[in-house]
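[1] the following block contains a protein sequence and its predicted model.
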Amino acid sequence: MVRSLFAALLVSSIALPALAQSAPVHPAPAPGQRDPGTAAKVRYDVSFPQVEHHRARITATWTGVPAGPLRVQMSRSSPGRYAIHEFAKNVYDVTATDGAGRPLKLTRIDPYGWSVAGHDGTVVVAYTLFADHGDGTYAQIDTSHAHLNMPATFLWASGYDAQPIRVRFQSPDPTWKVATQLPESDAPGTYWAPNLQYFMDSPTELSDHMVREWQAGGKTYRLALHHDGSAADMDRFTEKAKKVVAQQIAIFGAPAPYDFGRYTFIADYRPSIVGDGMEHRNSTIITNAQSLAEAKDDQLGTLAHEFFHSWNVERIRPAELEPFDFTRANPTPSLWLAEGFTSYYGPLSIRRAGLASVDEYLGEMGPMLSGIVNNPARIAARINASPQEMSLRAPFVDAARSIDPVDPNIFVSYYPYGAIIGMALDLELRQRFAGKSLDDFMRTLWARHGKGEKPYTPADLRAALAATTGDQGFADAFFARSIDGSGLPDFAPLLAQAGLVLRPAAPARGWIGRTAASEEAEGVTLTFPPAQNSPLFAAGLDQGDVIVALGGQAIGNGAAWNTALAALKPGTPVELRYRRFGAERTTTLTPAADPTLEVVRGETVGQALTATQRAFRKSWLGAE
């Protein structure tokens, strides 16, 4: 998920709306495994005869097929996503032949796949793929590029999970190059994967993109950027990426052990793209509709988030995600760490790299903290709003779509939720255990679960925290309060260690909750349900109500609504008139003090920074 969406979730405190199980536990190649060449029992050939119509023609060949029907199917989920995605809907014109080219009967046995019978040990299935949604989950084909997420692109066959794969891309444009984590084969345009898990985890971009490479920690890093910007834009962004990479390597002490010695950033920054970011074992695919110049390199936030995943999630991995099952949603109770702690370290590594000032960092983390502290779901007495519960709700919110509306007061996004828990734990460790920080906890997880790729359970996380601190009681209390439960510490004294002040952003301002509204002919209509901890909710207002007067002032348009809101005082009741289903109603609305919090440097509000606070801030946030 892109960083801008994190911010939207945080500021508003609202909720917006991966292979067969027999696969090997780890998608890594075996030591010394090489290109299987033409002996590969699974081969794909991809051509683009109608790129202007967003179509590819794909031929899949399986050899050594046992007697009996072969099941071929499209995936319903994708690595890095936690919800169901029906990729089969974009596959049609499916045909099958045997090794001699004789037609075979295809039987569609369910919406997701086909059964192929009567073969001679070889099955060749050809199909057309329609693809026009460019992000980290789907695929997009047009005259500018082919942006391919593998589960959205390729049929796969049951029983071939452990077989090596060869894939050949026939480019429709001689200027197009291939960017992927797949290793190259000796044949032009051909690549290979050690097994189905690795293949499906390897997004691929074909386009006339720019490429920059550099070395760090004995590994090669490649940035492949498809954009409309200049080479100077590319060079500037690459230098920033290098600094973020270096900072994250420093946290763990060494790069992740990339299987082929290389990590690839695949970036699409074009108007036709949907903003997103998706982690993969030795690569990431990151997208944004704005150019680098337009966004002022803000895409760096997504890059930092996704790169941290090369340790946290790809190798420090929840047990529930291994092996990834492409036939269903893949839930885990640990997204608060897998995604949330990653969301904490993304901005932190940018700050430590000197690419954001302390004030800019606080400008991002302050709203995040305020949004989680005040989130109506987290503080509701009758809702289980623990981070583990929120993680398990991921299949309902992770880019999933439903027709019926979902109550916005029952979900806290595990991205910012986990980030704030990460901040709390970092500051508590620094406060209570000399020389310890969240960096040490992540290194413990790496040593216990990342290096050897031993998937973890929630109990393993608790044990790792106890090992990091040498204090089982602290680990138990932290998990009971903030992981099994939804409690948070008092952040004011924790932040004060760094000379930072947590304070109300506008305590004299009257607050009634979410006030987003659209203009009507005679009034404004609430466009989102009120938060259940807000005066609007208590007064009985809901989405779709038309506000016609507030505090004796007629509300004829958006400007009048904003003026009336600005006049509200905490604790002073006002009359509110509104229409619902055509009938006008009147209620009393009592504004509260605005609960929005902000975090600022103490020296900006007249507090002298002590040497101890200065040293703490430097150790945590890096040199200023």
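    Structure's in. What do you need?

[2] just checking, Gly418 touches Tyr344?
    Yes. When contacts are counted by C-beta atoms under 8 Å, Gly418 is listed as touching Tyr344 (7.2 Å). Where C-beta positions appear, they are placed from N, C-alpha and C, glycine not excepted.

[3] just for the protein, where's the confidence low?
    Applying pLDDT under 70 to the chain flags the ranges 1-27.

[4] hmm, 90 instead?
    By pLDDT under 90, the low-scoring segments of the chain are 1-34, 37-38, 109, 186, 380-383, 398-408, 520-522, 624.

[5] biggest helix in the protein by residues?
    Scanning the chain for the helix with the most residues, using DSSP state H, yields helix 231-252.

[6] buried ones in that one, by neighbour count?
    Going by neighbour count (16 or more other C-beta atoms under 10 Å), the buried part of helix 231-252 is 233-234, 237-238, 240-245, 247-249, 251-252.

[7] what's that helix packed up against?
    strand 210-216, strand 219-227, helix 292-295, helix 300-308, helix 342-352, helix 438-445 (3 or more C-beta pairs under 8 Å, 6 or more residues apart in numbering; DSSP states H and E).

[8] one more pass at 6 Å, please.
    Helix 231-252 sits against strand 210-216, strand 219-227, helix 292-295, helix 300-308, helix 342-352, with contacts defined as 3 or more C-beta pairs under 6 Å, 6 or more residues apart in numbering; DSSP states H and E.

[9] got the buried residues for stretch 347-362?
    Applying 16+ other C-beta under 10 Å to stretch 347-362 flags Pro347, Leu348, Ser349, Ile350, Arg351, Arg352, Ala353, Leu355, Ala356, Val358, Tyr361, Leu362 as buried.

[10] in contact with the fourth one, which residues?
    This means Ile350. Ala304, Ala356 (C-beta atoms under 6 Å, 6 or more residues apart in numbering).

[11] 7 Å instead?
    Val244, Leu300, Gly301, Ala304, Ala356 (C-beta atoms under 7 Å, 6 or more residues apart in numbering).

[12] can I get those residues in CSV with distance to Gln50?
    What follows is the contacts of Ile350, written out as CSV (distance: C-beta to C-beta, whole Å):
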residue, distance to Gln50
Val244, 39
Leu300, 36
Gly301, 36
Ala304, 38
Ala356, 44
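
[13] tell me how far the closest residue to Glu603 other than its chain neighbours lies from Pro188.
    Nearest residue to Glu603 in three dimensions, chain neighbours excluded: Leu609, at 5.2 Å (C-beta to C-beta, 6 or more residues apart in numbering). In this view, Leu609 and Pro188 are 61 Å apart by C-beta to C-beta, to the nearest Å.

[14] higher neighbour count, the two?
    A count of neighbours by other C-beta atoms under 10 Å puts Leu609 above the other of Leu609 and Pro188, at 14 against 10.

[15] how many neighbours does Ala381 have?
    Neighbour number of Ala381 under other C-beta under 10 Å is 5.

[16] use 34 as the first number for this chain going forward.
    Right, with 34 as the first residue, what we last looked at is Ala414.

[17] that one belongs to a helix?
    No. Applying DSSP: H, G, I helix; E, B strand; the rest coil, one finds Ala414 to be coil, outside a helix.

[18] quick one: the strands in the stretch 134-283 of the chain, in order.
    138-143, 146-150, 155-163, 173-174, 178-181, 189-190, 198-203, 210-213, 223-226, 237-240, 243-249, 252-260 (DSSP state E, counting those that start in this stretch).

[19] and those strands, which is most packed in?
    Comparing those by mean neighbour count (mean count of other C-beta atoms under 10 Å), strand 178-181 ranks first with a mean of 27.

[20] direction included, what does that strand pair up with?
    Within its sheet, and counting by DSSP bridges, strand 178-181 is paired with strand 173-174 (antiparallel), strand 237-240 (antiparallel).

[21] quick one: the closest residue in space to Ser567 that isn't next to it in sequence and Pro438, what's the gap?
    Nearest residue to Ser567, sequence neighbours excluded (C-beta to C-beta, 6+ apart): Gly546, at 2.5 Å. Distance, Gly546 to Pro438, using C-beta to C-beta: 18 Å.
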